[in-house]
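K.L.:
Predicted model follows, preceded by the sequence.
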Amino acid sequence: MLHTIEKIEKIEKIEKMNVLSLFDGMSCGQIALNRAGFNIENYYACEIDKYAIQITQANYPNTQQLGDVAKVSALDLPSLDLVIGGSPCQGFSFAGKQLNFEDPRSKLFFEFVRLLKEARVKNPNVKFLLENVKMKKEYQDIISEYLGVEPIKVNSNLVSAQDRIRYYWTNIQGFTLPKSKGLTLDDILDLDVPDKYNITDSFYKKVPGTLAFKKSRANLRGLERCSKTLLTGGHSISNTGSTNIFYSKDFIRIPTPTECERLQTVPEGYTDIGILDSKRYHALGNGLTVDVIVEFFKNIKV
């Protein structure tokens, strides 16, 4: 099967940047900066998930890991050109409990605000980009008030075979929505995958009329469509109600980690560092869709 994801041509930029990435995960921001043609002088990452850190360091060994975002001060760093982050979204997501700013994870947004304010002490013109999920307008407005900009809504399906609506707050000027590449699952799925990803047998054991039966069928996506949004979990043989079940005429299965890398437009093999599939799925679900971020970064003028 052909994989028609096009490589974005690098933009020639020779400037070296100092970057602070909060909630860095597996460093999708760093991939996007490299893909947009930037040279990075220092890339400081705040992350506490050990597997995400392992993935980052395997691919970008010069990344300077700072640990817990709450224990970092931008005043201790060189003048920053860019502050980026996708603050934890569990308190905002319509798929979660919607605890919003009462959720300790979503309160971490205010760490982004604090560190951006500190970065502006040394560089009043520092650029920023914050990513988060679709949420109630009242909470979206709070974020906009603190950051001083309105969000830009982008669906990853413009550059990927994944439906993934996210909001982006940024002071980077010049962003325009990319033209859709028209990718579907048929463009990114492999024909031959190990049997461990096949869930056909357990899928058909669901009892008609039960909630498990309804959930398992509600999430099916045909190859002519995009996948639903990648999650941090649910990619398991036992969880046949997963958002990320794919099917063809003859079988139903979960996506492989490599296919999930394609859905997030991450380089193939990026997360293949000898860790469990479950850890790869988690890191990818927490990650950014790289080629969406490239569309923002290519407009940065340092």
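P.N.:
Cool, the structure landed. Keep in mind the model is a prediction, meaning the values are calculated, not measured. Numbers count the residues shown, from 1 in each chain.

K.L.:
All the helices of the stretch 151-300 of the chain, in order from the start?
P.N.:
If DSSP state H, counting those that start in this stretch is used as the criterion, the helices of the stretch 151-300 of the chain fall at 185-188, 200-203, 211-218, 257-263, 277-286, 290-297.

K.L.:
wait, which of the ones you listed is closest to L33?
P.N.:
helix 290-297 (5.8 Å; CB to CB). Glycine gets a C-beta too; all of them are placed from N, C-alpha and C.

K.L.:
Show me what that closest one is packed up against.
P.N.:
Helix 290-297 is packed against helix 28-35, strand 127-133, strand 165-170, with contacts defined by 3 or more CB pairs under 8 Å, 6 or more residues apart in numbering; DSSP states H and E.

K.L.:
tell me the mean pLDDT over the helix or strand following the first one?
P.N.:
Past helix 28-35, heading to the C-terminal end, the next element that is a helix or strand (DSSP states H and E) is strand 39-46. Rounded to a whole number, the mean pLDDT of strand 39-46 is 97.

K.L.:
Put together CSV for the helices and strands packed on helix 290-297, with mean neighbour count on each row.
P.N.:
As requested, those are exported to CSV (neighbours: other CB atoms under 10 Å):
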stretch, mean neighbour count
helix 28-35, 24
strand 127-133, 23
strand 165-170, 19
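
K.L.:
who wins for proximity to P208 among these?
P.N.:
Among the helices and strands packed on helix 290-297, the nearest to P208 by CB to CB is strand 165-170 (32.0 Å).

K.L.:
Partner strands of that closest one, with direction?
P.N.:
strand 127-133 (antiparallel), strand 152-155 (antiparallel) (DSSP bridges).

K.L.:
and the helices of the stretch 151-300 of the chain, which one's lowest on average pLDDT?
P.N.:
helix 200-203 (a mean of 63).

K.L.:
ok so, going back, can you lay out the helices of the stretch 151-300 of the chain as JSON lines showing distance to V72 and mean neighbour count?
P.N.:
JSON lines is the format used below for the helices of the stretch 151-300 of the chain (distance: least, CB to CB, whole Å; neighbours: other CB atoms under 10 Å):
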{"stretch": "helix 185-188", "distance to V72": "36", "mean neighbour count": "20"}
{"stretch": "helix 200-203", "distance to V72": "44", "mean neighbour count": "14"}
{"stretch": "helix 211-218", "distance to V72": "40", "mean neighbour count": "14"}
{"stretch": "helix 257-263", "distance to V72": "29", "mean neighbour count": "23"}
{"stretch": "helix 277-286", "distance to V72": "19", "mean neighbour count": "21"}
{"stretch": "helix 290-297", "distance to V72": "22", "mean neighbour count": "24"}
